[in-house]
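Student: I would like to see how this sequence folds:
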Amino acid sequence: MWREGLWLRFLLTCAIGVCSILGDLGLKHGKSESERAVFDNMTHATVGGLTWTLIVVLSQKPLIRNMNSVFSCFLLASFIDLDHFIAARSWHIHDATHLQKRPFLHCTTVPIVLWILFIFLSNTFHSPILEHTSWVILASFLSHHIRDGTRRGLWFCPFGSTRPIPYYLYVSLCMFLPYILYWLMNLHTFAQKSNNNITFIDI
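Tutor: Here you go, the predicted structure:
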């Protein structure tokens, strides 16, 4: 049984890397702006969904019972790109993909602040659902931002942006993001159980 779990983790980890690389190839060789935008967005969504799927597997929870969370991470990782159209004030692909600066949801400070806020609210109201939501938000945003970071770096408003993430480092970060988040989730859950004897909801 443990071998099956190990193989599943390995396959999902590889799937995140392969999906990221294929998405970049599609973005590079797409025939039109619309085709490239759709391909890039679907790659963001798929990587987001795979990220949460791997977190569920690492947590040894049943995938069937957690498909809503996987789908939520999939959708949120895709919906982030709507801010291109909001910033452009236009539904035309050309306008949305030729902005002078990055739109607001591509600021990595946003998911960090949202994560802190939801964690604070979950601790205040003893709400496992709010805590769970905070991690879904963080996973979907970070998986999206890391992919974009290979071109323009990570944007931490108001402090500025990092340098573009080297390509193979970006692929590695995408692949290991679920492990990092799972480790952080365990740290937080352990601390809360130790301090407050709170029992958290299954993800």
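Student: Can you name the helix or strand that the spatially most central residue of the chain falls in?
Tutor: Centroid-nearest residue in the chain, with Cα atoms, centre = their mean: S140, separated by 2.4 Å. S140 belongs to helix 128-152 when assigned by DSSP states H and E.
Student: what does stretch 70-89 contact?
Tutor: The contact list for stretch 70-89, computed with Cβ atoms under 8 Å, 6 or more residues apart in numbering, reads 37, 40-42, 44-49, 51-53, 56, 63, 91, 95-97, 99, 103-106, 136-137, 139-141, 143-144. Where you see a C-beta, it was placed from the backbone N, CA and C, and this is true even at glycine.
Student: Show the buried residues in those residues.
Tutor: Neighbour counting by 16 or more other Cβ atoms under 10 Å classes 37, 40-41, 44-49, 51-53, 56, 96-97, 103, 105-106, 136-137, 139-141, 143-144 among the contacts of stretch 70-89 as buried.
Student: So which bits of the helix holding S140 are buried?
Tutor: 128, 130-150.
Student: Which strands and helices lie in contact with that helix?
Tutor: helix 2-29, helix 33-58, helix 67-79, helix 109-125, helix 167-196 (3 or more Cβ pairs under 8 Å, 6 or more residues apart in numbering; DSSP states H and E).
Student: what pLDDT does T46 get?
Tutor: At T46, the pLDDT value in this model is 97.
Student: before we move on, what about H84?
Tutor: H84 is given a pLDDT of 94.
Student: Enumerate every residue touching Y182.
Tutor: Counting by Cβ under 8 Å, 6+ apart, Y182 touches 55, 58-59.
Student: What of L138?
Tutor: When the contact criterion is Cβ under 8 Å, 6+ apart, the partners of L138 are 111-112, 114-115, 181.
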